[in-house]
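Novice: Attaching a predicted model along with its sequence, questions to come.
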Amino acid sequence: MAALPAEFAWLGREIGPRILLEALKLYGTVETPGDASNPKILDWAKEVGSGIKDIYTNDEIPWCGLFVAVCAVRSGWDVPKNPLWALSWGEWGRAVIRPMLGDILVFRRNGGGHVGIYVGEDSSRYYVLGGNQGDAVTIIPIDKARLVTARRCPWRIAQPSNIRVIEFKTNQKASSNER
């Protein structure tokens, strides 16, 4: 894992949920520019299974859904039928009205969707840990108006005690097209 930006260093001290902890291990993973592909990202497709490796053949293919899928699989969760398609995550877990730490956020964007993991919010943006955000695993702000749904892990026993709303006082410019 690459070092988190100072304003997000607190995430390294969180005790869960596991999907968030798995995602943090991948922070800083970057696409390989040009015709080559990052073998780590390609390995995620093999790890997720379900024929994904046959569809996901290079890191130029949008991989936000693949990132969330590998985090889910490593956390012991099943993935939706078409995990590469961001909007498919809108059927995963259970819907929640108020997103909290570790929830899956599904967004609309021009030409499709985007999916990532909630790490906080300010008055108008969610802060999202996700893949294929500037061709890397990063944390970016996304306008709340773009949210399609927030989904919570289908806990088997109990929700981790640190699941909560995280509020920031910041004015970062929101992303408009994650790639």
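Specialist: Received it, and whenever you're ready, just let me know what you need.
Novice: Helices of the chain, start to end?
Specialist: Per DSSP state H, the chain carries helices over the ranges 18-25, 39-48, 52-55, 64-74.
Novice: what's the angle from the last one to helix 39-48?
Specialist: Spelled out, that is helix 64-74. Angle, helix 64-74 to helix 39-48, by axes from the mean of the first three to the mean of the last three Cα atoms, to 10 degrees: 60 degrees.
Novice: so residue 122 touches residue 168, yeah?
Specialist: Yes - contact between residue 122 and residue 168 holds when scored by Cβ atoms under 8 Å: they sit 4.7 Å apart. All C-beta atoms are positioned from the backbone trio N, CA, C, and that covers glycine.
Novice: In space, not sequence, find me the middle residue of the chain.
Specialist: For the chain, the residue nearest the mean C-alpha position is residue 116 (2.4 Å; Cα atoms, centre = their mean).
Novice: Contacts only, for it.
Specialist: Neighbour list for residue 116: 64, 67-68, 104-105, 107, 128-131, 133, 142 [criterion: Cβ atoms under 8 Å, 6 or more residues apart in numbering].
Novice: Tell me the confidence at it?
Specialist: pLDDT, residue 116: 99.
Novice: Mind listing the residues bridging to the residue lying closest to it once chain neighbours are set aside?
Specialist: In space, residue 116 comes closest to residue 130 once its chain neighbours are excluded; the distance is 2.7 Å by Cβ to Cβ, 6 or more residues apart in numbering. Beta bridges link residue 130 to residue 138 when assigned by DSSP bridges.
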